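Trainee: sharing a model that was predicted from the sequence below.
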Amino acid sequence: MDFNSNADYAIAARGVRKTYGGNGKSPAKEALKGVDIFVKRGTIFGLLGPNGAGKSTFINILAGLVRKSAGEVSVWGFDIDRNPRQARAALGIVPQEINMEVFFTPLEGMEIQAGLYGVPKSQRRSMEILTALGLEDKANAYVRMLSGGMKRRLLVAKAMVHSPPILILDEPTAGVDIELRKQLWEYVLKLHEQGVTIVLTTHYLEEAQELCKEIAIINHGEVVACEPTEKLISSLDRKMLMVTPNENVSVKPDLGDFDVDLKDDGSLAISYQPSKSQVADILARLNSAGVSVKDITTVEADLEDVFLELTYHNKG
Ligand SMILES: Nc1ncnc2c1ncn2[C@@H]1O[C@H](COP(=O)(O)OP(=O)(O)OP(=O)(O)O)[C@@H](O)[C@H]1O
């Protein structure tokens, strides 16, 4: 593969598979089943999926912590097999777990990390990064004295010591309070404005929706959708109105543009797009079709439905 062809992408992954070898107790596990993911430079990209979908496996492959079983990956134009060092240098990774050396001060920790990445002393920006994350007055405190929120910000600071063009945040807000979340995103958005490509994994649709320009949804090791957020959301713009008629309806009423399903229990499931129609429109249609309504309830699509629907559409 000519990795220069991937130069437009921050990350280009094609046909990536990972099977974790089994042992006597547990069978082999196919965590990624041929994943294609393309992250444009300069974007904020969300990798969304439920627990166990394969998100961390994908991130760990990028980071060189897990070896892929098949496929090709390039990071900032560098093939991870042929140029692992350059590929790794293009990434800053904020891990899921807060697991850090507690005997150093944040400033010492930053300097050690910069040293590991071979950043020359003259080019280090440890204090500047700590300041940007609101940790300047903790620079010389012991890490074990920092609050959970401060530790998380320190992880972001450490991921940026070598000024990578891509910052990856693995489940950055799991167990994080609202105030901290806000601060974290402020800094991440600032980096984005400076041109840093941001990739975040999350299992919250809302979070991905709020921040990301593009979202890939991964489920059981497969990408079931990869689209600009607006497009994805508009395809999720669907609600269901469940109607119990006063009298049993034996044939499906004609409700024009609305899709109707007559259930075994005699209720009607009517799907509609909230951005285009209102419940009142449906009720008016039912009225003209001669259906008198006893009761109605609306059902929102949740993430699980979305996965099912996307999986269905992708296979269908
Ligand atoms: N080292 C391993 N050995 C065997 N199986 C593993 C290993 N790591 C992950 N798996 C399995 O691979 C699948 C994908 O796991 P992965 O951690 O990538 O999912 P995830 O989407 O990141 O989930 P989470 O949000 O819980 O971190 C899961 O079924 C998991 O149990």
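Mentor: Nice, I can see it. Numbers count the residues shown, from 1 in each chain.
Trainee: which strand residues bridge the residue most central in space within the chain?
Mentor: A centroid search over the chain (CA atoms, centre = their mean) returns residue 47, at 2.7 Å, as the residue closest to the centre. Note on residue 47: beta-bridge partners residue 201, residue 216, judged by DSSP bridges.
Trainee: report the contact partners of it.
Mentor: Counting by CB atoms under 8 Å, 6 or more residues apart in numbering, residue 47 makes contact with 37, 55, 58, 59, 199, 200, 201, 202, 215, 216, 218. (Each C-beta comes from the backbone N, C-alpha and C, glycine too.)
Trainee: if we use 10 Å, what do you get?
Mentor: Contacts for residue 47 (CB atoms under 10 Å, 6 or more residues apart in numbering) come out as 37, 39, 53-56, 58-59, 168, 170, 199-202, 208, 212, 214-218, 223, 226.
Trainee: among these, which lie within helices?
Mentor: Using DSSP state H, the members of these that fall in helices are 55, 56, 58, 59, 208.
Trainee: could you dump those residues to TSV with distance to residue 181?
Mentor: Converted to TSV, the ones in helices among the contacts of residue 47 look like this (distance: CB to CB, whole Å):
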residue	distance to residue 181
55	19
56	20
58	23
59	20
208	13
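Trainee: can you pick the most crowded of those residues?
Mentor: residue 58 (31 neighbours; other CB atoms under 10 Å).
Trainee: who in this structure is up against the ligand?
Mentor: Contact residues, the chain versus the ligand (CB under 6 Å from any ligand atom): 20, 29, 31, 49, 51, 52, 53, 54, 55, 56, 57, 203.
Trainee: and residue 180, which of the three is it?
Mentor: Of the three states, residue 180 takes helix according to DSSP: H, G, I helix; E, B strand; the rest coil.
Trainee: that one is in contact with residue 153, isn't it?
Mentor: Yes. Counting by CB atoms under 10 Å, residue 180 touches residue 153, with 7.9 Å between them.
Trainee: can I have the buried ones of the contacts of residue 47 as a ChimeraX selection?
Mentor: Selecting only the buried entries of these in ChimeraX, with 16 or more other CB atoms under 10 Å as the criterion:
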select :37,39,53,54,55,56,58,59,168,170,199,200,201,202,208,212,214,215,216,217,218,223,226
